[in-house]
Structures are given as structure tokens and as C-alpha cells.
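In: no sequence for this one, just the structure:
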């Protein structure tokens, strides 16, 4: 054996010993082919004499080497397979409105503030700290200066930091925040969510195209590179939530001005978050890879996210069963099967989702203009039975509007009207007696419940229709319309005669504060007011607010969180019980399944935060 | 023949113009608009969005902008602000910006999704012909035999099982139970060669594995129809005098059936093949939806739901073009199938 072979043997031995020192790694033996050049001594017969000569030979050897199996697996990035469910309508923070787009921007960009992925509480992100002025009208945010603007090159697969004209690396600074907010408010941007910024001074006027103001009159300035100051229209205790919303994210002016509305395409998009866009085939797939330049990149465990866009829920679920997805929703038809299956039931999760399903009453349309009728209809809905037998998703019965997890939301069941059939009957009877009516007379009024066309809404409506018949003896007509026709029908400018008495709607959180709920939706003066509360005339062109409307305004201005929560609880109770202006039905849940190797959270508000999730890759690979 | 084709192509212009005008007015007549949402936009925001897509203009001006471009609008109406608009007009190949997918133009959406639908559609038509014509022929030649009854039975079966049922059934059996094929997706991705042929590297087993189930689902229903039509038509042709003459001449049975019988009996098949190909190539909603294929089919349905006026216009026009061209090809092929048909 030559010296080289000895050395190899020694190395192999060392390898084995090293491996032996790490009991947890799996080792395996593989054959390695290599070319070895060595000098050997040969005996040759030369002209009758026997001579020993040294000859250099090259030969190919196949040898067995022990390697760590993990070393091979490491080459594959930790990958999560998800289903976006649909093409994100936009990847632009200023234009995002839906959950799919928001999931993307949450992971690809950074906001002034963020939210805790479990509790939904506001926490520092780009801004490390912030303070409000004494009068609550000015908010100052102090930024961290180490978050780079990056771009991913799909050809080389490299993520590089952006540089300015002078070649200096670009970090996210106060001017980017100011630019982002101004871009959202600018009417030319036509951002759907511009209205959530209306609390900022002059935002509503500028967005509405007021010719006396320019975009520079907006109440946001960069005091210096690392400090942003907002001036508000009125004090707003919830402003840190608004400042962290995607529409107020810092945006890369140079990239947007260079590429116009194409700036969000893969290869062009400049981002500031934990993930960068690897590829985006519109309608097909959108993949992300980890941003290696993120300051705390080590905290992000999942390195690649492969996301398909399969709309069909049953197909998505089949892909999950076939191990093609790591997490997905469960189609309602499959819920019973999943719960009964020993494997799937362990992977089944029912997490609260910050949305509320409700039936709105048209408050100025007889007979729904009488609080006793509305209260009777609300109390006669057996919410728990509906959840157990119809929706089956473990939803929470709702007696008020904002779900748990939203700041200021009362605990469900503590305020508002619960199910109480006897009280419902009494309440309706009182109304009938006063008007000298019988139930038959009431039924002759043809009370109509309308919902948008969907199997789910139809079965809920059928169940509630039956409950009203059984519990109150009233016959309600159920009608449905195609989604956009429906939205048109229940719009604020529809004639009262055309309006259904009762209509179905849902509301989901934009930000985790009651202001986004009870105030923006129901306030007669400044909310959407589809319920037509406080209408002066039939068409509701003018409204007069009552105590409730004053209360939600006051709660929004208040600075002390404890007082705000108390005011909101009062307002919730007033609307759902005293006025019975609408019937809250349930708070949504996410009905999903997750593979055992994926540890995930369910964001109570905003986008899912994939950078906090982890995957046990060995288990995922099937070892 | 050439003059005939040119005359037909010129005839497309009024047809397509009519389709454009009709669709343009009709989509705007549906209640509800592209920016209606559950939450409801404040009037200021709604006004900004309407203005961005010129939806605040009178409909005639919108139509002019859509077909001719904003610079022509400025010239015709004297509204100089129109020059700031982005529409270059159908006449210059601009289908406009989608209202639902905010960074994408209708041309982008079609360029991404049509090739996938076309691949799926062409394979399905080929499968339909490969199954349909031979089974129909055999059934006709062995009329009232067990072969005929079996093929009738299978054809009726596949004609009557909707894809809504067949597709999930195929997934359940071949992907979940047998584990032979993937559940969903498509094996090739853009960019494509010439815009619609998958890259050579994609011509692998993975591509065909993804294609098998959707092609089967789409192809069998069409095959059943073709099979029935071939059988019926061939049965009729077999009775013709010229068939008897051919036999009397002592020709081989095979050449009698293939050259004299089948060729003449294909006219009804070719007639339905035109619109069938146009429909399959531009995508089918249900099969693409269930198999998670990123095709054009979904946009025919979703653009209506979204009131995405520009996208809806775009896909409708595209389908119209495919349809009139397919019908022209059908008419031309008549001349080849039946020498008595002359166009000059």
C-alpha cells in the first residue's frame, strides 16, 4: 500500500470517528469514483537485466466513502408549498386590498409598525419607537436604519441591494415612508384603501381632488432621514395600527417612476421585507425566496415558498392529501370526513379569523323600522345550532360586531342580544298588539331576506328562515342575486322599495381596532351606514346621528386605551341590543389543515407572517 | 378560391365590429360595476378609480377611446385632457388594462394563459378525433352488432357525465388512490416557443403526466359526439349509389370505406370540429378550474363576476376571432372533402 492510500485510509477513519461523534446525523456509504495518480516501483527486464524503475501511473479507483446523509439534504432549501388560492390582484402595497395581495406585501415589504403573529398587537417593525404629542394630533416615528432595499435577479438567483445615483447603498428611510403615504393618497394612484389614511391631515381632501391643496399639504413629513412625523385631522388612539398598514408602507420611488405599473413584476420589483419575489407567472404561480440581506435573516427559517394558484378548494385539498401542499383550507363538504379521519383530524385546525358574518336590517323600512321587530328577529336566531349543523367550521356565535383580537372588542356573549326565543316572541307580540296586527298580517308584509348567490349563504339563509318560522311564526322570503348585482341592490342609493328588509354581509379587519369596525361600518354620519340608520328621508341623503354615533367618534379620539375599550363596549351593546340595528351571527374561523412538519401561526389581523413559520425538513422529505 | 378567402376575411370586419359594439354596451348594462366591493368604496375613492379607466366618460366617448385610442378621442371631441389617457385603441392592438388585476393589461393576461389553454385544447381535439372517428366508423360498419351497442353505450356515458363530476373522479382515482398522476397543475411554463409551444426541455414525462387527466376529461366528451356523428353520417353514405358502383367495380372493401365512404361522411364532423376547436383552444372553465390549470377559460367566467369590462371584452373578441377563422377553415375544407362544392 502506498503512502497515498494510507492517507486516504486515515482520512476515512477520521471521517468515521467524526461521524461517530455526532450520534444524531444519519450516515450512509456511497461509492465515489476518483482518479488517482501514484508512483509505483516496477520490476522490468531490460536487455537481459532485471532493473527496478519508478513509473508514474494514473488509474481510476472506485472507493466507498462514508458521508453524512444530511449534507445532501442541505442543498435543498427549506421549502414551503402553499396555495395562494387566486391570483393576487396586485403586489403593490398602495393598491392591495384583498388577503392574497396583503399576504404577499406583508412578507415582501416592511411597515412602520407590525403586528404580533399570534395576538395581533402592534409591535415595532421599521419604526423602533414612536410617540404622540400631548394633544394626540402628532405622531413621531423613529426608524431603524439598517433595512436595505433589495432586488432579486431571476437569472442569476442573486439578491442585491439597490444603490442610488451616486452609488451609495439604499436603506429604507423616512423619505420612502413619506413617498409611500403620498402615493397612496394621490388621486392619480386610485388606491381603494386610500380611505384608511383619511385620518391624516388633508388626506381626504387631497384624495378627493381638492384643487386648493397639493400633495405636499398632506400631514406627513420626514423630519430627518430616520424620523417621520404625521399630523392628524383629529386625535386617534389607533393611529399606530394605521401607520403599519400596507398602504402606508415605504415604497421605492425610483423603481416605481422607472417602470410605472409594471414595477411589481418579478425581476423589477424592489422590496424591503424578509422575502423577495423569485417568479410570478400571472394566474399560475408566485414563488418567494428568503432575502439574505435582511438584517435578522437568521431568524427566518423557511428559505423558499412555492405558491400555486388553485381556485378550486377540493383540488387544493386533494393536493394536500397527496403531499403537494403543506397547508390548505378544508372545503365544507369535506369537514365531516376530516374530523372522522384519524390522521387528518390531528392536522385539522380551527383558528379564529377576524371577520364577522351578519344580517343587516334596513332600519328605515317597515316593519324593520321598529326596534322590537329587529330584536325579535335577532333573538330568534339559534346561532350555536346553526354553527353545529350548517356551517360546521367551529365558528364563534356573535352577539356584537368586532371579533376577539380586535382592540376594544367585547368578549362575545357579554354584550348584545343572545338567542332567547321567549323574549323574541314577546318582543314581536308587543309590536303586533300595538299595531293591531296578527302574524298573518305581518307575513303579508313580505319581509325579504337577500343574500348573494352562493351555496354556503343559501344554506345559512334556509336554516335561519326556518328558525324564524319555528320560533316566531313569521314567513320570510329568501332571495339571492349575483354578487355585483347584489352589491348594487343593497347600495346606499337604491330606492327604499327595492331594498330587501334583511341583507347578508360580512366584515373583515383592515386593522386591529374597533374604529375599523363599529365606527367605519355603522356610524350613521361617517360610516358606510348600509343599515340606513338615522335617515332623514327615504333615500338617506341626510342622516342624524344619535348617542351611538357620538360614542364611536368619541372613542376614536380618546387616547387612554382603557377608556376607549369601555366606550366601544358601550357602543357595541347599544347597537346590537338597544337598537338591534343588525343581527350579528358568527365570528369566522379559518378551517384548515397543516402537515405535522409545519409550525405555523394564524395571523389575527393583516397578512400571514411566513417568516415566523418553521418546517422540519427531514419530516417533510419523508425520512 | 383566393378571392373567396379574401372576401370572407373582409367580411370578418363588420362581424367583429358588431361583436365589439354589442359586448361593449351589454357589459356596461349589467347592474353593478367593477369597483363595487363588500366594504363599499367611499365616493372619492370610487371617483378616482372610475376616472382612471375613463368610466366617468359618456359611453360613446368610452367606445371611441377603446377602439381608436385616446389621441383620436382628443382630436374628435376636442378634449385635450384625453391625451393623458393610456388607451391606444383596439385598432393598434391595445386591449386595455384589466380593472381587477391592476398591473396587468388584457394582452398580458391573454399572452400568459392562452398558450396553456391552446396546448390542452389541441391535445383534446386530437384525442377526440383519434377515438371518435375510428369508433364511429366501426360502429357504422358493424351496425346493430355488439360493437355498435357498446360504442353507443360508452359514447352516451361520456356525453352525459359532466366534467364537473368526471374531473374530480379522475383525480380521486388516478392521483389519490393509485398515485400514478399528479393532482393538478400544468407541466410547462412560459416563456413558450413562438408564444405557445413548450420549451424542448419541458417535453418530458412530467409534462404528459400533468396533461393526461385534463386531456382525457375534455377529449372524451368531444370524442363521444364525434363518434356518434361519424356513425350516423357514414351509415347514410353507405346507402349511396356511388358506394354500390364502387363495389360493382370490384374495389377492395377497405378503399371503398376509407376513400369513398369516410371522406364523404366527414362533412358533418368537420362542421362541428370548427367551433369545437375554437372553444377548446380558448380554454374551458371547469376543467381548467378543477385541474388548477392557468388557462384562459377562467377569465371568461371570472371577468363577468368581477365586471372586469376590458378583460371581458378582450376574451370575447378573441373567441370571436377564433370562431370566425375556424368557420372559414371548415368552409375551405368542404371543397376538399366534397369536390362538388366550389367557391368560385
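Out: Cool, the structure landed. Note that the structure is predicted; figures quoted are calculated from it, not measured.

In: by mean pLDDT, which helix or strand of the chain comes out lowest?
Out: Just going to use chain A. One helix or strand of chain A scores below all others by mean pLDDT, DSSP states H and E: helix A:3-21, with a mean of 44.

In: my question was about chain B
Out: For chain B, counting by mean pLDDT, DSSP H and E, helix B:253-255 ranks last in confidence among helices and strands (a mean of 79).

In: mean confidence score for stretch B:82-91?
Out: What stretch B:82-91 shows for mean pLDDT is 85.

In: other residues contacting that stretch?
Out: Contact partners of stretch B:82-91, identified using Cβ atoms under 8 Å, 6 or more residues apart in numbering or on different chains, comprise B:20, B:54, B:65-74, B:94, B:96-97, B:317. Every C-beta, even on glycine, is put in place using the N, C-alpha and C of the backbone.

In: of those, which are in range of chain A?
Out: Among these, the ones lying near chain A by Cβ under 8 Å from any Cβ of the partner chain are residue B:97.

In: farthest-separated two in the contacts of stretch B:82-91?
Out: B:74 and B:317 (24.2 Å; Cβ to Cβ).

In: low-confidence ranges in the chain?
Out: Let's take chain A. The model of chain A has pLDDT under 70 over residues A:1-74, A:623.

In: that's the wrong chain, I wanted chain B
Out: Filtered on pLDDT under 70, chain B yields the residue ranges B:343-344.

In: in three-state terms, label the nearest residue to residue B:240 once chain neighbours are set aside for me.
Out: Closest residue to residue B:240 apart from its sequence neighbours, by Cβ to Cβ, 6 or more residues apart in numbering or on different chains: residue B:264 at 7.7 Å. For residue B:264, the assignment made with DSSP: H, G, I helix; E, B strand; the rest coil gives helix.

In: what's the answer for residue A:152, then?
Out: Judged by three-state DSSP, the three-state class of residue A:152 is strand.

In: all helices of the stretch 51-200 of chain B, in order?
Out: Under the criterion DSSP state H, counting those that start in this stretch, the stretch 51-200 of chain B contains helices at B:59-68, B:70-77, B:106-141, B:146-160, B:163-170.

In: same question, the stretch 401-550 of chain A
Out: Here the stretch 401-550 of chain A has its helices, by DSSP H, counting those that start in this stretch, at A:421-434, A:439-443, A:455-472, A:483-489, A:518-522, A:547-557.

In: by contact count, what packs against the second one?
Out: It stands for helix A:439-443. Contact here means 3 or more Cβ pairs under 8 Å, 6 or more residues apart in numbering or on different chains; DSSP states H and E; on that basis helix A:439-443 packs against helix A:421-434.

In: contact partners of the helix it packs on?
Out: Contacting residues not belonging to helix A:421-434 are listed as A:367, A:370, A:372-373, A:375-380, A:382, A:437-439, A:441-442, A:471-472, A:474 [Cβ under 8 Å, 6+ apart].

In: just want the angle from that helix to helix A:455-472.
Out: On the basis of axes from the mean of the first three to the mean of the last three Cα atoms, to 10 degrees, helix A:421-434 is oriented at 70 degrees to helix A:455-472.

In: what residues sit buried inside helix A:421-434?
Out: A:421, A:424, A:425, A:427, A:428, A:431, A:432 (16 or more other Cβ atoms under 10 Å in any protein chain shown).

In: any idea which of those residues is closest to chain B?
Out: Distance to chain B across the buried residues of helix A:421-434 (Cβ to the nearest Cβ) is lowest for residue A:424, with 28.1 Å.

In: and the gap between the closest one and residue A:417?
Out: Relative to residue A:417, residue A:424 is positioned 9 Å away (Cβ to Cβ, to the nearest Å).

In: tally of neighbours for the residue nearest to residue B:240?
Out: 17 (other Cβ atoms under 10 Å in any protein chain shown).

In: what is the neighbour count of residue 125?
Out: Since no chain was named, I'll use chain A. By other Cβ under 10 Å, the residues close to residue A:125 number 19.

In: meant chain B, my bad for not saying
Out: Neighbours of residue B:125 under the rule other Cβ under 10 Å: 23.
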